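J.: below is the structure, and that's it, no one-letter string:
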Ligand SMILES: Cc1cc2nc3c(=O)[nH]c(=O)nc-3n(C[C@H](O)[C@H](O)[C@H](O)COP(=O)(O)O)c2cc1C
């Protein structure tokens, strides 16, 4: 059986491959992944168009089922439009409080869960299920794969933005029909992600919800099943979680504010 290549630290493979990136490229990929954060507080500085273009280009190079590329990117800078989305968010945020009992309800209400007006730019990433006609390779048995593809584009966008020093915050506390109406999105197109985009004050080391004690990061060990669901260990497998390096997302010297 071919085993995944264990690493003894980020960018230091124990098993080499001719297709592996050079160490600094690899390091960059892992750094973008571990240092990406959901950002809700932004500085007002606008994102230069050429940087935005690079980030959208990265999103557009995401994998997609049958190469259908079902996404579109509605880029919104207009403050009035963002204000209407903010109103929608605020209504939904308050309505969702009913799902939590005290003291969680008060804690939920204390969270800042969007930076729609703080960020200079919002991007709505949509999915058009009709994009490549009725027959799409790989999608016939699982129609929702068009949505999965769009989420891959969102993640590409999020990671590329992190590499550019740009923060992205996903806002899902929105009712889709109203969001469609505000942005003029046709009824058959699904708004998958509403993103706040801009330069943050900081990228935290850990998710804000983890820092606030809302939920902890679960152990990697608990997510891995060996050979079949429910097998937490297997004689043919090493414990993969013990082979991973510690994740270090502390602020690198290049990002520390100068004094
Ligand atoms: C599908 C999706 C929807 C999300 N919706 C919201 C949201 O409405 N508001 C918010 O503050 N964060 C939202 N988030 C961000 C998560 O809270 C965040 O990813 C998680 O807490 C982990 O933090 P990190 O992204 O900084 O690692 C969403 C993330 C995803 C993937």
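T.: Okay, I see it. These figures come from a predicted structure and were not determined experimentally.
J.: how about the residues of the stretch 1-150 of the chain near the ligand?
T.: 37-38, 40, 113-114 (CB under 6 Å from any ligand atom). All C-beta atoms are positioned from the backbone trio N, CA, C, and that covers glycine.
J.: quick one: buried residues of the helix or strand hosting residue 80?
T.: If you go by DSSP states H and E, residue 80 is part of helix 79-96. Buried residues in helix 79-96, counting neighbours by 16 or more other CB atoms under 10 Å, are found at 81-82, 84-86, 88-89, 92-93.
J.: next one: stretch 58-76
T.: For stretch 58-76, by 16+ other CB under 10 Å, it's 58-59, 62, 64-66, 68-74, 76.
J.: burial of residue 49, as a residue count?
T.: Counted with other CB atoms under 10 Å, residues neighbouring residue 49 total 9.
J.: ugh, wrong one, I meant residue 194
T.: Residue 194 has 26 nearby residues by other CB under 10 Å.
J.: how about the contacts made by it?
T.: Contact analysis of residue 194 by CB atoms under 8 Å, 6 or more residues apart in numbering lists 85, 122-124, 170-172, 174, 179.
J.: identify the residue of the chain closest to the ligand, quick one.
T.: residue 207 (3.0 Å; CB to the nearest ligand atom).
J.: filter the contacts of residue 194 down to the ones in helices?
T.: 85, 179 (DSSP state H).
J.: can I have the buried ones of the contacts of residue 194 as a ChimeraX selection?
T.: The following ChimeraX line selects those of these that are buried, judged by 16+ other CB under 10 Å:
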select :85,122,123,124,170,171,174,179
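J.: want to throw the contacts of residue 194 into JSON lines with distance to residue 134 and pLDDT?
T.: JSON lines is the format used below for the contacts of residue 194 (distance: CB to CB, whole Å; pLDDT from 0 to 100):
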{"residue": "85", "distance to residue 134": "32", "pLDDT": "98"}
{"residue": "122", "distance to residue 134": "32", "pLDDT": "98"}
{"residue": "123", "distance to residue 134": "29", "pLDDT": "98"}
{"residue": "124", "distance to residue 134": "25", "pLDDT": "98"}
{"residue": "170", "distance to residue 134": "30", "pLDDT": "98"}
{"residue": "171", "distance to residue 134": "32", "pLDDT": "98"}
{"residue": "172", "distance to residue 134": "29", "pLDDT": "98"}
{"residue": "174", "distance to residue 134": "29", "pLDDT": "98"}
{"residue": "179", "distance to residue 134": "26", "pLDDT": "98"}
